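1. below are the sequence and a predicted model; questions follow.
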There are 2 protein chains.
Amino acid sequence: GDVAFFQRLMPGRVVTGEEEVKPFNVDWLKSVRGCSQLVLKPQTTAEVSEVLRYCHERNLAVNPQGGNTGLVGGSVPVFDEIILSTALMDRIISFDKVSGILVCQAGCVLERLNEYLEEQGFIMPLDLGAKGSCHIGGNVATNAGGLRLLRYGSLRGTVLGLEVVLADGSALDCLGSLRKDNTGYDLKQLFIGSEGTLGVITAVSILCPQKPKAVNLAFLGCQSFAKVLETFTTCRAMLGEILSAYEFMDEKCMQLVESHLKLSNPVTDSPFYVLIETSGSNSTHDEEKLNNFLEQAMASGLVTDGTVATDDKKIKVLWSLRERITEALTHDGYVYKYDLSLPVGKLYDLVTDMRARLGHSAKNVVGYGHLGDGNLHLNITAESYSHSLLDAIEPFVYEWTASCSGSISAEHGLGFKKKQFIQYSKPHEAVVLMQRLKAMLDPRGILNPYKTLPWAP
Amino acid sequence: GDVAFFQRLMPGRVVTGEEEVKPFNVDWLKSVRGCSQLVLKPQTTAEVSEVLRYCHERNLAVNPQGGNTGLVGGSVPVFDEIILSTALMDRIISFDKVSGILVCQAGCVLERLNEYLEEQGFIMPLDLGAKGSCHIGGNVATNAGGLRLLRYGSLRGTVLGLEVVLADGSALDCLGSLRKDNTGYDLKQLFIGSEGTLGVITAVSILCPQKPKAVNLAFLGCQSFAKVLETFTTCRAMLGEILSAYEFMDEKCMQLVESHLKLSNPVTDSPFYVLIETSGSNSTHDEEKLNNFLEQAMASGLVTDGTVATDDKKIKVLWSLRERITEALTHDGYVYKYDLSLPVGKLYDLVTDMRARLGHSAKNVVGYGHLGDGNLHLNITAESYSHSLLDAIEPFVYEWTASCSGSISAEHGLGFKKKQFIQYSKPHEAVVLMQRLKAMLDPRGILNPYKTLPWAP
């Protein structure tokens, strides 16, 4: 049967048995669960091709899976799809120190790539909380944003090439390593952010920035969201090209990381906190810029308390206050998660409105995120899942977002959980065109089915 | 007939008559000429929709045209296609000073947009020699690179949204203004760089960087291409985040701008010249970084002579030495133009090889370009066009490029002149997939026919 075929194709790398397959069936948040009975672990692009050719012929659905750190149920099966894991495709193919271009297989773990690059004086152009387990192929397939987007831009600019296996098993080699290439349509863009529904990414070519010689972090307390905004415009002007992150979190977030993770607040309790990172090539210049900014921010009352870190260890400690909010939330009960792009000025109004709307029916309503990119992470916790609470949140949150032309998924993607809400951010004609692209590239619908797009009529 | 229909649709904005239409039929280089008898100048997206709906129904071919500054014959008709000019679609729709996001119609001239932004403390993320006449819609349709790509990245990252009219006249609204939006496939990427063959771009939303407070320019002489390369790695390390351009030109280029344009060489005659621009937020810091670099470059013999500019006027004079090479070449005779992406280390070998290969059959063989992006502009001049000289150049230049996995068109696109060479940079399966995309989006083939892709079998 099918299993025997795969065992012949990749002996010892076919996982069966309920217990063994279970971790691949459940997402990181434990919010969705599939019932696949088969996990395949190819090592090469040729093997991925063989798998898809077979599945295409026999009409077998396939769920591509990287580090399984997605937050919208895109990385686990809905029913019994065959799970195609990139876990063993973790080979670095090449790195060029002159151009800073890395070529690697899709299953390389982001943090491992970053460590490899740091030894050579470079860094990955993206960084996110899940770095310890997420795969670069999954990052590209979901167009991951994260903490460095403000500085190094999106993967649509930094990814220079991709190798992709299409639904019928044919391999598409767009693995170029050129900063500029205007020969025909840029096919790789089709696969960036399409969540494994149009093809399986097997290798990535990516442009990596030089490792900054100096990194500074400031963790500051602000008395209002208006001050958070003004602090942003002030620091953008004064820090200019060395600003590499501007993150914010509200006091509820701080309470959650304090109570659930036993982290301690490094500054006086405040309604809002901001985390400002600078990355530059001259530590004297950078510290001078940062100090000038901090003096002005304190003197004008934008900021009421703050601490600065220049050494790696303290920087990590301060970053963890922001990066571990997601983890702290999972300890607080059932979590309703929203990842929204909104006009920066209105970003926090949604949190306030939601808090007022839900009252005591929610345990906590918290807001944090990448303010510099206009990206709010709105999270609502309750003792347990409740349908009536969900009805109070949705579609309100989507209507609110659509009313100011925001995006109902800034960086998490649509996956299984959000696909039916796409019309809040995209017009009907756009969704129809997406469905036509899907039908063209995957006519039998075997690739990550039930994800990203609502059913075509 | 057709003309009467268009005259009713847009009275006074329909151009007929051989003399009136002529400038729209000929490209900037005067290298290709169509024989269209009709130019349409819509002002609104609705009018573009009406035009395409009519043309689609009646199977009339359409050539979208912006500033007509393209270098590969993509912007003029091949036969008698109707020319759809964006010249009157030059309205700025909105600009947000907090986010730096500009929304405007496709026909806005790049330089005019930049002037508008500078008044508000921002700049366009791209700059190119043709800025005085090129349209932003054409820039996006051709994925223009230019002088600021090194610093601000490609249009695939900075363009946030597009409004596009498809071949059948339906308008596709992807004109979002969000830095992050992962809701479904990123359709706008299909139209960036597709040279008007998949849809007509009618409006653009683009992220603009803050205007740098300090700009410095260094114009330096180098004794060899090896020194040009070493100067690049040295300045990248020492200037870091403030480096905004690294351009090079050979001595032949300098001789051409001196003799044809009467510009004067600001430094001692040298085999190579490099132009280094810094852009930053603190003039004291930037000058210190630049001076440290220059001292080291002079002391170690990387650079033998140089001049630095900090005021606008001298900066413009120095930039014009590099920016006006294209113009100087047109005065030198017939020009064979090549725009290649190559591994930085081998970039100039092609110029040397070509010079040796052609000997006295060419007038001048010159090399210049965006070294920081691995982008060489190779130009060959002769008293007049000669088929035998062309045969000596092609396919040699494409084979040479393909042998080191370069791109046969880094930023100019394929247009009419280069489409038959796409296979030197893209595998067969990729070209087939491009043709399927074309057939899906423009089934009757009315949009910019005979461009970008070779005929489908």
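-> Yes, it's here.

2. show me the contacts for the most centrally placed residue in chain A.
-> Nearest to the mean C-alpha position of chain A, counting by Cα atoms, centre = their mean, stands residue A:144 at 3.8 Å. Residues near residue A:144 by Cβ atoms under 8 Å, 6 or more residues apart in numbering or on different chains: A:126, A:128, A:134, A:138, A:155, A:411. In this view, the C-beta of every residue, glycine as well, is placed from N, C-alpha and C.

3. so how many other residues sit close to the last one?
-> The one in question is residue A:411. For residue A:411, the tally of surrounding residues (other Cβ atoms under 10 Å in any protein chain shown) stands at 27.

4. hang on, it is in a strand, isn't it?
-> No. Per DSSP: H, G, I helix; E, B strand; the rest coil, residue A:411 lies outside any strand segment and is coil.

5. that one touches residue A:154, doesn't it?
-> No. Residue A:411 lies out of contact with residue A:154 (Cβ atoms under 8 Å); the separation is 9.4 Å.

6. quick check: neighbours shared by the two?
-> Taking Cβ under 8 Å, 6+ apart as the contact criterion, the common neighbours of residue A:411 and residue A:154 are A:143, A:145, B:180.

7. out of these, which are buried?
-> Buried members of those, scored by 16 or more other Cβ atoms under 10 Å in any protein chain shown, are A:143, A:145, B:180.

8. TSV for these, including distance to residue B:424?
-> Shown next, in TSV, are these (distance: Cβ to Cβ, whole Å):
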residue	distance to residue B:424
A:143	30
A:145	35
B:180	36
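
9. ok, so of these, who is nearest residue A:255?
-> residue A:145 (25.8 Å; Cβ to Cβ).

10. which residue sits closest to that closest one in space, ignoring its chain neighbours?
-> Leaving aside its chain neighbours, residue A:145 sits nearest to residue A:411 (3.6 Å; criterion: Cβ to Cβ, 6 or more residues apart in numbering or on different chains).

11. circling back: any idea which of the buried ones among the shared contacts of residue A:411 and residue A:154 is least confident?
-> pLDDT is lowest at residue A:145 among these; the value there is 92.

12. what about that one, distance to residue A:158?
-> 12 Å (Cβ to Cβ, to the nearest Å).

13. between the two, which contacts overlap?
-> residue A:126.

14. tell me how far the residue of the stretch 51-200 of chain A found nearest chain B lies from residue A:407.
-> With Cβ to the nearest Cβ as the measure, residue A:157 is the residue of the stretch 51-200 of chain A nearest to chain B, at 3.1 Å. For residue A:157, the distance to residue A:407 equals 18 Å [Cβ to Cβ].

15. please enumerate the helices of the stretch 251-400 of chain A.
-> Under the criterion DSSP state H, counting those that start in this stretch, the stretch 251-400 of chain A contains helices at A:251-261, A:283-299, A:312-323, A:325-330, A:349-358, A:387-393, A:396-403.

16. quick one: mean pLDDT for the last one?
-> In other words, helix A:396-403. Helix A:396-403 comes out at a mean pLDDT of 98.

17. just give the closest residue to residue A:222, not the sequence neighbours.
-> residue A:272 is the one closest to residue A:222 (Cβ to Cβ, 6+ apart), at 4.4 Å.

18. ok, residue A:440 next?
-> Spatial nearest neighbour of residue A:440, chain neighbours left out: residue B:440 (5.9 Å); criterion: Cβ to Cβ, 6+ apart.

19. same thing with residue A:240?
-> What sits nearest to residue A:240 in space, not counting adjacent residues and going by Cβ to Cβ, 6+ apart, is residue B:281, at 2.7 Å.

20. burial check on the one you found, number of neighbours?
-> Residue B:281 has 21 nearby residues by other Cβ under 10 Å.

21. looks like it contacts residue A:235 (just checking).
-> No. Residue B:281 is beyond contact range of residue A:235, at 10.9 Å (criterion: Cβ under 8 Å).

22. ok, and what's touching the helix or strand of chain A with the lowest mean pLDDT?
-> The helix or strand of chain A with the poorest confidence is helix A:149-152; it has a mean of 90 (mean pLDDT, DSSP states H and E). Identification of contacts with helix A:149-152 by Cβ under 8 Å, 6+ apart yields A:125-126, A:158, A:209, A:243-246, A:279, A:370, A:372-373, B:179-180.

23. which among the residues you listed count as buried?
-> By 16+ other Cβ under 10 Å, those give A:125-126, A:158, A:209, A:243-246, A:279, A:370, A:372-373, B:179-180 as buried.

24. residue A:71 should be in a strand, yeah?
-> No. Counting by three-state DSSP, one finds residue A:71 to be coil, located in no strand.

25. related to what we said a few turns ago, can I get the helix or strand that the residue of the stretch 51-200 of chain A closest to chain B is a member of in CSV, CA atoms only?
-> Element membership of residue A:157, judged by DSSP states H and E, is helix A:155-158. Taking Å, rounded to 0.1, in the frame of the first residue of the first chain, the C-alpha atoms of helix A:155-158 are listed here in CSV:
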residue,chain,number,x,y,z
LEU,A,155,11.2,38.5,3.2
ARG,A,156,9.8,39.6,-0.1
GLY,A,157,12.9,41.7,-0.5
THR,A,158,15.5,39.6,1.3
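
26. which other helices and strands contact that helix?
-> On a contact count with 3 or more Cβ pairs under 8 Å, 6 or more residues apart in numbering or on different chains; DSSP states H and E, helix A:155-158 meets strand A:200-207, helix B:155-158.

27. and after that helix, which helix or strand comes next?
-> Past helix A:155-158, the next helix or strand by DSSP H and E is strand A:159-165.
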